[in-house]
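> for reference, the sequence and a predicted model appear below.
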Amino acid sequence: MNRRELILATSFNKKAIEESIECGCYTCISIHQPEHIKEYTDDESAVCPNCFQVTVIPGEAEGSVEYDYLEYLNEHFI
Ligand SMILES: [Zn+2]
């Protein structure tokens, strides 16, 4: 994933988040159940319930998020 794709994944992602089994925040490297995401920005981008950043990515095709992948994103994009 490049930076542009990452921005796309964290923006307007409410539907994708709700359809995932889990989602992950790459700022604080935490994995959440979609129902734990209580806050979305006005443009419907998920807000992390842990660190309150808009850096939550939905699960991949199989619906889950790899911890290692969040670590990778954190190292390269934060
Ligand atoms: Zn977070």
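Okay, I see it.

> is the lengthiest helix in the chain anywhere near the ion?
Ordering each helix of the chain by length in residues (DSSP state H) puts helix 67-77 first. No. Helix 67-77 lies apart from the ion when judged by C-beta under 5 Å from the ion; the minimum separation is 9.3 Å. Placement of C-beta: from N, CA and C, glycine included.

> what is the helix or strand hosting Glu5 packed up against?
With secondary structure defined by DSSP states H and E, Glu5 is part of helix 3-10. The contact analysis (3 or more C-beta pairs under 8 Å, 6 or more residues apart in numbering; DSSP states H and E) places helix 3-10 against strand 56-57, helix 67-77.

> same for the first one, what does it pack against?
Translated: strand 56-57. Under the contact definition 3+ C-beta pairs under 8 Å, 6+ apart, strand 56-57 sits against helix 3-10, strand 23-25.

> shaky segments in the protein?
Scanning the chain for pLDDT under 70 picks out 61.

> enumerate the residues of it near the ion.
With C-beta under 5 Å from the ion as the criterion, the chain comes near the ion at residues 25, 27-28, 48, 50-51.

> can you tell me which of those residues are buried?
25, 27-28, 48 (16 or more other C-beta atoms under 10 Å).

> who touches the closest residue to Cys51 other than its chain neighbours in this structure?
Nearest residue to Cys51, sequence neighbours excluded (C-beta to C-beta, 6 or more residues apart in numbering): Cys28, at 4.0 Å. By C-beta atoms under 8 Å, 6 or more residues apart in numbering, Cys28 lies in contact with 48, 50-51, 53.

> now Val54
Each residue near Val54 by C-beta under 8 Å, 6+ apart is listed here: 10-11, 41, 45-48.

> quick revisit: mind putting the buried ones among the residues of the chain next to the ion into JSON lines with secondary structure and distance to Asn74?
Converted to JSON lines, these look like this (DSSP: H, G, I helix; E, B strand; the rest coil; distance: C-beta to C-beta, whole Å):
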{"residue": "Cys25", "secondary structure": "strand", "distance to Asn74": "9"}
{"residue": "Thr27", "secondary structure": "coil", "distance to Asn74": "7"}
{"residue": "Cys28", "secondary structure": "coil", "distance to Asn74": "8"}
{"residue": "Cys48", "secondary structure": "coil", "distance to Asn74": "12"}
